[in-house]
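> quick one: sequence plus predicted model below, questions after.
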2 protein chains.
Amino acid sequence: MPGAKPIAETLAKKQKEISIAEFFERNKQILGFDSLTRALITCVKEAVDNALDACEESGILPDIFVKIETMDGDEYKITVEDNGPGIVKSQIPHVFARLLYGSRFHTLKQSRGQQGIGISAAVLYSQLTTGKTTIITSKIGEGFPAHRVELLIDTKKNLPRIVKEEMDHWERRSGTRIEIFVKGKYVKNRKQSVYEYLRSTAIVNPHACIIFIEPDGTETVFERVVEELPEQPREIKPHPYGIELGTLLKMLKETKAKKITSFLSGDFSSISPQKAKEIVRIAEMNGNLNPKEIGLDEAKKLLAASKKVKLVSPPTDCLSPIGETLIKRGLRKETLQLSPEFISTDTRQANVFSGTPFMVESGIVYGGSLPKDGRVELLRFANRVPLLYQEGGCAITEAVKSMDWRRYGLEQKGGKGMPCGPAIILVHVA
Amino acid sequence: MPGAKPIAETLAKKQKEISIAEFFERNKQILGFDSLTRALITCVKEAVDNALDACEESGILPDIFVKIETMDGDEYKITVEDNGPGIVKSQIPHVFARLLYGSRFHTLKQSRGQQGIGISAAVLYSQLTTGKTTIITSKIGEGFPAHRVELLIDTKKNLPRIVKEEMDHWERRSGTRIEIFVKGKYVKNRKQSVYEYLRSTAIVNPHACIIFIEPDGTETVFERVVEELPEQPREIKPHPYGIELGTLLKMLKETKAKKITSFLSGDFSSISPQKAKEIVRIAEMNGNLNPKEIGLDEAKKLLAASKKVKLVSPPTDCLSPIGETLIKRGLRKETLQLSPEFISTDTRQANVFSGTPFMVESGIVYGGSLPKDGRVELLRFANRVPLLYQEGGCAITEAVKSMDWRRYGLEQKGGKGMPCGPAIILVHVA
C-alpha cells in the first residue's frame, strides 16, 4: 500500500450532483435567454406557444392577450392570457415552476413546445433577474373558482415553491393567465422583436386572435380570419427506418408484447404482421422469442433486416400543416396595407426522411408597396413557430438561396444567395 | 357545480416528469451531437478536456493518447487515455454515467468543462447510437489496482448502470482510460475535424503531449514544448458589478454571515469592510441586519447601492491565460513545416466586463508557405478550448472582421470582413 494519499481521493470529495434548474441558470443561452432582447421574446414565445397548444388540444379557438409593461429600469412585466381549458390547481406549480415536466414530451406528435422546459425556463429567468414571483391565474370551467398562485422555483431541488395561493373571481369561462417579471429590452421595427414574433405567429395561425399591447400603450389586434381549428395531429408510433439502435433496445425492454413479431407489428408504424415475419426471417431469428430476451447483436440484426424490407412510409397525419388557403389568408390579412400585386401559395405532399415524416408549405407575396430594392423578406417557420434567430444556419435559408430567382423576375447576383426585390417569401416546415 | 368534466382534468393526467437523460436524448443538438461528424469530435473533445483538466488540477504534465478505430458501418471506437490522478472506484459510475454530476460546477474558476454534462452526454450518445457499454479503466496511484468498469446510463432515472466490474493490472502509475463506441463520421483535411481539434488544442496547451492514431493507422505526435504546467487558476468570489438580483437573493439566503456588512465583505470579492459600510449607508439600511431577513426590495437597494460605490476590479487570477511565450512556442511547433516569416504574439491586460474578468491573447503567423490567396486561417479559443463551430456568431470573428487589415499588408475588401493573405490569426479569450 502506498504512503501518500492519492489525489483522486481529494478530488472525489468535490464531486456533487447539480440540479437541472441550477444547470440552466448557469447556461441560460442554450434556452434562448442570451441577450436582453431575446430573453423578452423568448418569454412571450413560451407563454404564447403554451396558450395556442392548450386551446387547440381542447378544441377552443384561441383568443390570446399579450401585454408588455415597463417597470423599473430594464425590468418588464409580461402578461399573457388565453381562453384555453385552464390547468387544475394541483398541476399549476409543476407546469410553471419545475423544469422537465410536461405532457407532450413522451408523445410522437407535433406540438409547438415539446421539451418540458419552455415556460418554467422563463419563470427561472424571471426570478434570477428580478427576484420576483410569477403569478398564474387559471380557471378550468364555468362554475369553478379561479385559482391565483404566486410561484418561485427552488433551484436546488427543481421543485415549485408556492409563495401565495388564493381563490379569485374571473369572468372568463376558462383560461390561464401568466404575469411574469423579467429583465429585458423592448425593441421595435426589427425582425427580432416581440411584435414581429407575434405578427409571424398570427400569419401561420389564422384561426387565432391575438391582441398585443406594447409598453407605450399601442394596441395591435391580429384578427382571426378563419373560424375552424386546424386538424389535430395524431400521435404515431415510430417508423423503423428512422430509429437508433439504442432506442430499439429501450423499446424491446419496455414493450408489453410477448413475441418479437407482435412487438414489430404492434409497436411500430407501417409494419404489418406479414412484414414482421419477413423481417424476422431476414434476421434469421425465431419470431416467437420474447422481446425482453433480445440482446445487442440480435437487435442490430433486427434493425438491419427491417431496413432491407420495403415498408410503407409512416402516416403523415402526425403533422400539422397549415394548408394553402389558410396560409394565403394569413399572408393577405397581414399585408393588406401593402396592397400586393399577388399572393401565391403551395403545399407539397408529405415526405419522409429517415423515418421521420415532414412537409413543406410555402407562400409568396409580391409587389404593391413592398420595397423594390433590398433583400426579400424571408419568414421561416417550423411546426407553426416563427424562427427569428440563426437564419444563417437554417436549411430553409439554404434552400431559398440555392434557387435561381432571376427566372421569376427577382434580382439575384449570379443566381445564388438571397434574392432582392419587392417580395415576402414564407416557408413552413411541419 | 358544472355537469361535464373539465378538459383540464383529462389533460392533467398526461403531465409527467422527464428525466434529464431523456431530455438530452431527445435534444442531442444542444450538446453538440447534431451531425455524425460533430458527434465524433464532441466525444473526443469531452474526453480530452476532462483529461487535461484532471492532469492540471493534480500538477501532472499531461500525456494524452487518442485513438479512433473503424468498426461496423458508421460505428467508431474512441479511446482516450491520460496519465492523470485517476478516479476512485466508487465515483467512476457517477462521473461517466450520470448527467449533471461533477466537481467544477459550483466553483468560480476557469476550467475547460464546467457543466457536469460533457462526458456523460458522450456516454449517452454512445448507448443511444450503438447500444454498447462504455468501458472505463482507472488507477489512482502506485500500489493500487486498476478498476475496469463497463457502464450504461439508466435514462429513466439518470443513474449509472454497472454492467461489469473487475480489477485489472495496468502498468501506468495512475490514469484513466475511456473506450467508447459511437455512430459518427471521420473526416480529414477540414477545419471541423478531430485532427484539427487536437492540433488546435496542442497549440494552446504546449505543456501537453498528445498522441493521435487515426482510423487508417496514421500516428501524429503533438509534442510537449514546455515542461511547466500553466499556473492553476484560483477560485474567486463573485463581484457585485456582475451579479443578478436573483443570485444575490440566493446568496443572502445561504450565507453563513450574521450581519449584512460581513456578508458583503465576506462573500464578495473586492468589497472591503469599509466599502461594505458605505454600501449599506447608501442603501439606507442597518448594517447589523441578518442577511436572511433581507427581502426583495432591500436586496434591490443593496445591489443598486453597490453599483454606486467605486470598487476595485475583481482579481484576475481566476483566469488561465496561456502567456505570450507559450502561444509563440505552440504556434511555432505546429507551423514549423510552413517556415513562416515571423510569428508574433500579444497579451492584453486582464479586464472586467460587468463583474466578470476576462483577458484576450492573440498571435499571428505570417508568410512562408502559407497560401497567399484565400482567407486567413482564424483559430479561435475560449478557456484553452478550440472553437470549431459557429464562427459566424462569434465575437472573436466580429472583432477580426472589424479591423482594417490593409494597414498590415493583408488584402481586405473595403477594410472590412475577413482578410485574405498568407497568415494564421489566433485569438484566445480566457
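Good, I have the coordinates. Everything numeric here is computed off the predicted structure, so don't read it as measured data.
> what distance do you get for the residue of the stretch 151-300 of chain A found nearest chain B to residue B:99?
The nearest approach of the stretch 151-300 of chain A to chain B comes at residue A:246, 3.5 Å away (C-beta to the nearest C-beta). (Glycine included, C-beta is placed from N, CA and C.) According to C-beta to C-beta, to the nearest Å, residue A:246 and residue B:99 sit 15 Å apart.
> try residue A:262
In terms of C-beta to C-beta, residue A:262 sits 34 Å off from residue B:99.
> which residues sit against stretch A:200-208?
Identification of contacts with stretch A:200-208 by C-beta atoms under 8 Å, 6 or more residues apart in numbering or on different chains yields A:48, A:52, A:55, A:61-64, A:210, A:222, A:224-230, A:322, A:326-327, A:329-331, A:333-334, A:379, A:381, A:384-386, A:388, A:426, A:428.
> between residue A:262 and residue B:99, which is the more surrounded one?
Taking other C-beta atoms under 10 Å in any protein chain shown, residue A:262 and residue B:99 do not tie; residue B:99 has more neighbours (29 against 17).
> what residues does the stretch 201-350 of chain A have near chain B?
A:244-250, A:296, A:299-300 (C-beta under 8 Å from any C-beta of the partner chain).
> how far off centre is the helix or strand containing residue A:251?
For residue A:251, the host element (DSSP states H and E) is helix A:245-254. For helix A:245-254, the gap between its own C-alpha mean and the chain's C-alpha mean amounts to 26 Å (C-alpha atoms, centre = their mean, to the nearest Å).
> picking up where we left off before, local confidence estimate at the closest residue to the residue of the stretch 151-300 of chain A closest to chain B other than its chain neighbours?
Sequence neighbours aside, residue B:128 is the residue nearest to residue A:246 in space, at 3.5 Å (criterion: C-beta to C-beta, 6 or more residues apart in numbering or on different chains). Looking at residue B:128, its pLDDT is 91.
> and the angle for the helix or strand harbouring residue B:128 with helix A:245-254?
Applying DSSP H and E as the criterion places residue B:128 in helix B:118-130. Calculated by axes from the mean of the first three to the mean of the last three C-alpha atoms, to 10 degrees, helix B:118-130 forms an angle of 80 degrees with helix A:245-254.
> what angle do the helix or strand that helix B:118-130 is followed by and helix B:118-130 make?
Note on helix B:118-130: by DSSP H and E, the next helix or strand toward the C-terminus is strand B:134-139. Strand B:134-139 runs at 140 degrees relative to helix B:118-130, counting by the same axes, to 10 degrees.
> mind giving me the packing neighbours of strand B:134-139?
The contact analysis (3 or more C-beta pairs under 8 Å, 6 or more residues apart in numbering or on different chains; DSSP states H and E) places strand B:134-139 against helix B:92-96, helix B:118-130, strand B:146-154, strand B:175-183.
> among those, which is nearest residue B:291?
Across these, residue B:291 has its closest neighbour in helix B:92-96 (33.1 Å, C-beta to C-beta).
> how about residues contacting the closest one?
A:15, B:87, B:101-102, B:119-120, B:123, B:134, B:136, B:138, B:147, B:149, B:151, B:160, B:162, B:178.
> okay, the helices and strands packed on strand B:134-139, which one's buried deepest?
Across the helices and strands packed on strand B:134-139, the average number of neighbours (mean count of other C-beta atoms under 10 Å in any protein chain shown) peaks for helix B:118-130, which reaches a mean of 26.
> dump it to PDB, keeping only the CA atoms.
The C-alpha trace of helix B:118-130 is given here as PDB (Å, rounded to 0.1, in the frame of the first residue of the first chain):
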ATOM      1  CA  GLY B 118     -19.900  16.700 -21.100                       C
ATOM      2  CA  ILE B 119     -18.500  13.200 -20.800                       C
ATOM      3  CA  SER B 120     -21.800  11.600 -19.600                       C
ATOM      4  CA  ALA B 121     -23.500  13.200 -22.700                       C
ATOM      5  CA  ALA B 122     -21.000  11.300 -24.800                       C
ATOM      6  CA  VAL B 123     -21.800   8.000 -23.000                       C
ATOM      7  CA  LEU B 124     -25.500   8.700 -23.500                       C
ATOM      8  CA  TYR B 125     -24.900   9.400 -27.200                       C
ATOM      9  CA  SER B 126     -22.900   6.200 -27.400                       C
ATOM     10  CA  GLN B 127     -25.600   3.900 -25.900                       C
ATOM     11  CA  LEU B 128     -28.300   5.600 -28.000                       C
ATOM     12  CA  THR B 129     -26.500   5.100 -31.300                       C
ATOM     13  CA  THR B 130     -24.700   1.800 -30.700                       C
END
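> low-confidence regions, chain A specifically.
Residues of chain A that meet the criterion pLDDT under 70 lie in A:1-4, A:104-111, A:113-116.
> domains of it?
A:21-222, A:245-308, A:324-429 (the TED database).
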